[in-house]
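# below is the sequence, then the predicted model.
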Amino acid sequence: MPELGAAALAAKLDTGARGTALHATDIAVHGDRVRFTLHPWPGTPDCILGCEAALADRRRVTSSNGVGEARPFIRTALSLAGLPAREVEISLTARPLMRFRLLVGREALAGWSVLVDPGATSAGVLR
């Protein structure tokens, strides 16, 4: 996600999730902009990025555990394992206990011709 200053980060491809979610803290909406702190790598508290992006939307999202939450959405370029970058919609939410800071849902995956191997643990790097 070069527009956010994140050269690469580990992500989970989740065909069961409709949307894409990014772990962020200090999320603050100011008019049509949103500022947040990105923590690209779990276990590295010194690695943080201050980010700002245009606010694309605000919507209520229900997570897989059934809990609903109002989230801000941004649109930014995302590259999947060397495929051409494309703009995707991403919700910002605190996911501190999750192993992967980025959850890529099926709406984002639909823009690439990819097959997801449920048995694979690592196949590429998202940029």
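In hand now; what should we look at? Numbers count the residues shown, from 1 in each chain.
# now the helices for the chain?
With helices called from DSSP state H, the chain shows them at 106-109.
# at the geometric centre of it, which residue sits there?
Note on the chain: the residue nearest the mean C-alpha position is Leu22, at 3.0 Å, using C-alpha atoms, centre = their mean.
# residues in contact with that one?
For Leu22, the residues meeting the contact criterion (C-beta atoms under 8 Å, 6 or more residues apart in numbering) are Leu38, Ile90, Ser91, Leu92, Thr93, Arg101, Leu102, Leu103. For glycine as for every other residue, the C-beta is placed from the backbone atoms N, C-alpha and C.
# can you check Leu4 too?
So, once contact is read as C-beta under 8 Å, 6+ apart, Leu4 ends up touching Leu38, Leu49, Cys51, Ala53, Thr76.
# can you give me the pLDDT of it?
With respect to pLDDT, Leu4 has a value of 83.
# ok, it to Arg99 distance?
Separation of Leu4 from Arg99 (C-beta to C-beta, to the nearest Å) stands at 20 Å.
# what's the answer for Thr44, then?
Taking C-beta to C-beta, one finds Thr44 at 13 Å from Arg99.
# buried sites along stretch 44-51?
Cys51 (16 or more other C-beta atoms under 10 Å).
# just stretch 81-88 next, same as before
Quick answer for stretch 81-88 (16+ other C-beta under 10 Å): Val88.
# okay, that stretch in PDB with CA atoms only?
Output of stretch 81-88 as PDB, limited to C-alpha atoms (Å, rounded to 0.1, in the frame of the first residue of the first chain):
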ATOM      1  CA  ALA A  81       1.900 -10.800  -4.800                       C
ATOM      2  CA  GLY A  82       3.300  -8.900  -7.800                       C
ATOM      3  CA  LEU A  83       0.000  -8.400  -9.600                       C
ATOM      4  CA  PRO A  84      -0.700  -4.900 -10.800                       C
ATOM      5  CA  ALA A  85      -1.900  -2.500  -8.100                       C
ATOM      6  CA  ARG A  86      -5.600  -1.600  -8.000                       C
ATOM      7  CA  GLU A  87      -7.600   0.700  -5.900                       C
ATOM      8  CA  VAL A  88      -9.600  -1.100  -3.100                       C
END
